[in-house]
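> Mind folding the following:
(3 chains)
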Amino acid sequence: MTPEQTILAAVATPLLGALAIVATGRISENLREGVTFLTASILIFWVWSLLPDLLSGARPGLVLTEVLPGIEIAFSVEPLGMLFAALASGLWLVNSLYSVGYMRANGEHHQTRYYTFFAISLMATMGIAFAGNLFTLFLFYEILTLSTYPLVSHKGDADTVRSARVYLGLLLATSIGLFLPAIIWTYAAAGTGDFTPGGVLEGAVGGVWVLLLLGLYVFGIGKAAVMPVHRWLPAAMVAPTPVSALLHAVAVVKAGVFSVVKIVVYIFGVDFLFELPGSVWLTWAAATTIILASVMALRQTNLKRLLAYSTVSQLSYVVMATAVLKPLAEIGAAIHMAAHALGKITLFFAAGALYTAAKITEVRDLAGMGQRMPWTMAAFTIGALSMIGVPPTGGFVSKWYILAGAFQAESYAAIATVILSTVLNAAYFLPLVWMAWFAESQPRYEGVREAPLPMVIALTFTGLATLAFFFFNAPVIELERQLLGDAS
Amino acid sequence: MSVLAHLPALVVIAPLLTSPLVLLLKPRGLAWLAALVASLASFAIAIALTTSVLEGTTPGYEMGGWPAPYGIGLTIDALSAIVLLVVTGASSFALLAGRASIDSQIAPARQPYFYAAWLLAVAGFLGIAVSADAFNIFVFMEISSLACYVLIAGGPDRRALPAVFKYLIIGTVAATFYLIGVGLIYMMTGTLALADMESRIEAVADQSPILVAAGFITIGLALKAAVFPLHVWLPNAYTHAPHIVTVFLAACATKVAIYVLLRFDFFVFQQNLIGHELQFSFFLLPLAVLAVLIASGAALAESNLKRLLAYSSIAQIGYILLGASLVSVEGLTAGIVHLFNHALAKGALFLAVAGLALGASGLDLEDLRGIARKRPWTMAAFVAASLSLIGMPGTAGFISKWYLITAAIEQGPLGMVLVTVIVVSSLMALAYIWRVVEPAYFQSSETSSSAGEPAASTRGGAISWLAAVTWIAVAANFYFGLQPALPLSLAANAAGLLLGHMP
Amino acid sequence: MEILGYFNYWVFAIVLMIGLYAVIARGNLIKKLLGLSIFQSAVFLMYITMDKVEGGTAPIIQPGAVDQLYSNPLPQVLILTAIVVGVSTTALGLAIVVRIREAYGSIEEADILEEDIYDPEDQKEDPIP
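Model prediction:
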């Protein structure tokens, strides 16, 4: 297969998988889950088989169809998208394993619907990762919003529906209200929305309009959760935990920051924005989000909501790193997407395992769980350390690059934010870890054991991956250095 | 002359002549079949005509072989072609899908009359689209209007009667206004053919009667097109009409009036009256903006599904006029494409509503709680079609929104205000659709028994058929969202034509 | 002289307004329809007026007559059509009024509005009339 066919196959595979899931769902649960695993495996094969081409400097792409004159559904692969796709597809397989354990152990209803929309979400994620222009990106961005709604509202009771309404309303309102006008503006001004190294807007839009356009993009991409459009993320926590884990720690939120990075690098152009003094507002907006979200995380008593606010804060690391507008920081942004994905999915897996094994949802009930569920809490600890950025975890690597980039740009605001937020991260994660291992266990959790085996395997795997990322990150950095080569 | 040359006349004559025949077909189902066949025949002819328009020709016809100033001329350009497609397509889809719904709302003995009126309405709309003669347009307009009154009043809902009476009064006043305008122009130019009016008005010394005529015609047609605030007849008429009639009317009735409005204003007045383009914009632009905002707001507050969608139609008419009132190629293209795309979206939505009505005790939003469990496919079609109404990418509605925003951006600072209006109203559309979707999926009906379930066992097939046709209409929304070449090339062509008549 | 010269047009405008007033101001549906007929008649008058050519005769070709001055026949033909349309509209309107009377027991607009507001039971659709 040519790389172009592989791209199409990568986007089409989850969709075909979804159809197969619907078809087999009525026959047998095992068959249905088998189809999910098979689809995920095939997807991984397609995505990873693109890697050699990319490392050799090729940028495969194709135009699927031309919708309007000059506006096409087109795909192209570049380092950032490659990383995103590789992460999402790889973690989907792990997450499917986890899902099987979680959904069965908790006796969830409508499981066929669940796996179907999960597969469709992954299709949309692949489409975003490989989008060759703004229109394609927007198309799959909206599909992702709509296809995750049934997953968020899965439980179907009044509270869930209310939260899911916030989720859908905020994401759609920002995308229709700000993102779409920004895209149309870009096409009208630059005549193209193709992702082009160096950007397309230089000379097409001038002065203060650039800042307005940047604002439309950053706040229009609600999935990036820059305050004040972050509220959908805590709301999305009503979903079953595997959904929170893959979609609201990896696919959906990363789709948001991925879009921001991609638009800054390939539509605005890093150098173009750097020349513009006003663009520093983005650094400030992101820094504010990082600090405020961390403070809010401090005050949460519900474990998943705490993790959600932590995600909001971590996402803005990526946005802030991008806004520093220096090559090292852009690499840091890309790596942080990967490092945070591995760490946060581990944390959510652990949270889901706690819920499944002992129905624990509140932070205070973590006390003493280290003895009862050692694997789970060990993974949790690794994830928490990665969030703080302690070596030897993945979080350290990305923070290193972000700080290096900030020094390069002499952006002291960014440096101060990273330091302050590290302190705050430690302030809300370390007590949990301490409590889990050293506090007295509550008697009512007597006899609680580890969650079902598939879940433990999944969370152990991602926990180890978080550690491994510290030692074996060379290929990723090599790949993302090409982003720098692209950008400058 | 080959048959092909007669197509411009045949497209109207097929339904017009079938109409009295249908009256004679008493046995059940035959009347429906005949109406469907006539409608499909017109649809096929419309497609053939569109193809030849796309090839660059302008099919014309002289009734009775009399050339234009003496006889009545028919011409078909890109603008009429798109209207022909919308009307015949809507009629065919509605008839194809609607047998079950019509059977449930109209007694068998009255069905032949119903189908006869239906075909008359179709013939009237088509006649308007192909006529190149102002008075002929009036006659066809009244044929279609009278038939529509009958159709709307044909249902079991008695509230349709006052609604239709109101529509009749307003419709007649509107048509009479139009007639006065045409009379004044005839007085000054001595011609009824649009092409001749266009060339002769310039020579008229005293322009005041022409200005008065322009006012009468614009107001008259705006009434027929339900331009805000002349829309009062529309919500009740759509709400209480039989469901399938609503499908048909929502897709094309107001569109045809807008078509005449555009044709008259751009062909006849625009180039001849000083500063007319500004007057046109000053008149329509504020109304369009108000329509978009206020009607969407009204839809937000509405508790009946059909009335909610009717208000949404008024807002969408605002979009079409917004595009047209920019008086630019992009704006007109956007407006005309939206004429097509909105017909697709609203037609599909009302088809879904017809399907839902067969399973619910009523169409108030409260009655629709939990309907998704009873009619999963129909409700899914409703959701999919509303994506097009909101303007999600990949649907037909997105294409018109894209063009509309592009056209607005080109207008500079005013354009930014218009972009805001469009965006805000899209969000309102999202909100009012959501008011339907959420109860349908997440609330359970209080009457858990099969209240209002009309003998599901016998009608199961018919209901699935209705859902299937609805899905075909939904699929068309997606198809034209990804391959919009056909409506776009027609619309761009039509926009060029309209603006080609500018000085 | 100017004003008198346009006598017919003045009448047209006045009759038009009388008709429109009746349509708007009257609550009785029959009276509304009467108003509508008056409204339409005014337009007929306008068309008939405009075709009159001073000193013209009826447009019938007489043997032997050359360069005969006759009134324009076209508006008359047009208005014949319009009258037919008007008659059908009135007929349909009256038919609807009859059915309204059957359904509501009144032909006063106010009564009908009241019925639909205060009688929610009646609002539910009958299965088949």
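
> C-alpha from now on. contacts and neighbour counts both.
Fine.

> Chain A contacts on chain C?
Neighbours of chain A within chain C, by CA under 8 Å from any CA of the partner chain: none found.

> And the helices in chain C, which stretches?
Taking DSSP state H as the test, the helices found in chain C are C:2-5, C:7-25, C:29-51, C:74-104, C:109-118, C:120-123.

> What's the mean pLDDT across the third one?
So the one you mean is helix C:29-51. The average pLDDT for helix C:29-51 rounds to 90.

> How about the longest one?
Taken as a whole, helix C:74-104 has a mean pLDDT of 90.

> and that helix, what does it pack onto?
When contacts are defined as 3 or more CA pairs under 8 Å, 6 or more residues apart in numbering or on different chains; DSSP states H and E, helix C:74-104 sits against helix B:134-153, helix B:160-189, helix C:29-51.

> that older thread, right, so the helices of chain C: which one is the most enclosed?
Mean neighbours per residue, mean count of other CA atoms under 10 Å in any protein chain shown, is largest over the helices of chain C for helix C:29-51, with a mean of 22.

> Give the other helices and strands that that one contacts.
helix B:160-189, helix C:7-25, helix C:74-104.

> what packs against the helix or strand hosting residue A:312?
Under the criterion of DSSP states H and E, residue A:312 resides in helix A:303-324. Counting contacts by 3+ CA pairs under 8 Å, 6+ apart, helix A:303-324 packs against helix A:232-235, helix A:252-263, helix A:281-298, helix A:327-358, helix A:394-409, helix A:412-438.

> And these: which comes nearest residue B:431?
Proximity to residue B:431 (CA to CA) singles out helix A:232-235 among the helices and strands packed on helix A:303-324, at 16.5 Å.

> Can you give the contact residues for that closest one?
A:163-164, A:166-168, A:170-171, A:225, A:248, A:305, A:308-309, A:312 (CA atoms under 8 Å, 6 or more residues apart in numbering or on different chains).

> could you dump the residues you listed to JSON lines with neighbour count and pLDDT?
Converted to JSON lines, the contacts of helix A:232-235 look like this (neighbours: other CA atoms under 10 Å in any protein chain shown; pLDDT from 0 to 100):
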{"residue": "A:163", "neighbour count": "22", "pLDDT": "89"}
{"residue": "A:164", "neighbour count": "26", "pLDDT": "89"}
{"residue": "A:166", "neighbour count": "18", "pLDDT": "90"}
{"residue": "A:167", "neighbour count": "24", "pLDDT": "90"}
{"residue": "A:168", "neighbour count": "19", "pLDDT": "90"}
{"residue": "A:170", "neighbour count": "20", "pLDDT": "91"}
{"residue": "A:171", "neighbour count": "26", "pLDDT": "91"}
{"residue": "A:225", "neighbour count": "29", "pLDDT": "89"}
{"residue": "A:248", "neighbour count": "28", "pLDDT": "80"}
{"residue": "A:305", "neighbour count": "23", "pLDDT": "90"}
{"residue": "A:308", "neighbour count": "28", "pLDDT": "91"}
{"residue": "A:309", "neighbour count": "27", "pLDDT": "92"}
{"residue": "A:312", "neighbour count": "28", "pLDDT": "92"}
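
> Relative to residue A:363, which of the residues you listed is nearest.
Of all the contacts of helix A:232-235, residue A:363 sits closest to residue A:305, with 9.9 Å by CA to CA.

> quick revisit: so which of the helices and strands packed on helix C:29-51 gets nearest residue A:180?
Using CA to CA, the helices and strands packed on helix C:29-51 put helix B:160-189 closest to residue A:180, at 38.7 Å.

> So for that closest one, mean pLDDT?
Mean per-residue pLDDT for helix B:160-189: 91.

> Can you name the next helix or strand after it?
Per DSSP H and E, helix B:160-189 leads on to helix B:194-200 as the next helix or strand towards the C-terminus.

> and that following helix, which residues are buried?
For helix B:194-200, burial by neighbour count (16 or more other CA atoms under 10 Å in any protein chain shown) applies to B:194, B:195, B:196, B:197, B:198, B:200.

> Columns pLDDT on top of the residues you listed, output as TSV?
Formatted as TSV, the buried residues of helix B:194-200 follow (pLDDT from 0 to 100):
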residue	pLDDT
B:194	83
B:195	81
B:196	82
B:197	83
B:198	79
B:200	83
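
> In chain B, what residue spans correspond to strands?
B:60-62, B:73-75 (DSSP state E).

> Would you mind saying which of those strands lies nearest chain C?
Chain C lies closest, by CA to the nearest CA, to one member of the strands of chain B: strand B:73-75, at 15.9 Å.

> Check whether that closest one comes near chain C.
No - against chain C, strand B:73-75 shows no contacts by CA under 8 Å from any CA, the least distance being 15.9 Å.

> returning to that earlier point: which one, of the strands of chain B, ends up nearest to residue B:325?
strand B:73-75 (24.7 Å).

> The closest one - contacts with which helices or strands?
For strand B:73-75, the helices and strands in contact under the criterion 3+ CA pairs under 8 Å, 6+ apart are helix B:7-24, strand B:60-62.

> Let's see that with 7 Å instead.
Applying 3 or more CA pairs under 7 Å, 6 or more residues apart in numbering or on different chains; DSSP states H and E, one finds that strand B:73-75 makes contact with strand B:60-62.

> ok, the strand it packs on: who's next to it in the sheet?
Here strand B:60-62 has these sheet partners by DSSP bridges: strand B:73-75 (antiparallel).

> hmm, who's touching the partner strand?
Contact with strand B:73-75 is made by B:8, B:58, B:59, B:60, B:61, B:62, B:63, B:130, B:131, B:132, B:133, as judged by CA atoms under 7 Å, 6 or more residues apart in numbering or on different chains.

> how close does the first one get to residue B:16?
Same thing as residue B:8. According to CA to CA, to the nearest Å, residue B:8 and residue B:16 sit 13 Å apart.

> got the contact list for the residue nearest to the spatial centre of chain B?
Nearest residue to the geometric centre of chain B (CA atoms, centre = their mean): residue B:252, 2.0 Å. Applying CA under 7 Å, 6+ apart, we find residue B:252 in contact with B:86, B:87, B:343.

> and it, how far is that from chain C?
Counting by CA to the nearest CA, to the nearest Å, the gap from residue B:252 to chain C is 22 Å.

> what's the answer for residue A:241, then?
For residue A:241 relative to chain C (CA to the nearest CA), the value is 46 Å.

> before we move on, what about residue B:137?
12 Å.

> Can you report how many residues neighbour the nearest residue to that residue once chain neighbours are set aside?
If you skip the residues right next to it in sequence, residue B:137 has residue B:128 as its closest partner in space, 4.9 Å away by CA to CA, 6 or more residues apart in numbering or on different chains. Number of residues near residue B:128 (other CA atoms under 10 Å in any protein chain shown) recorded here: 29.
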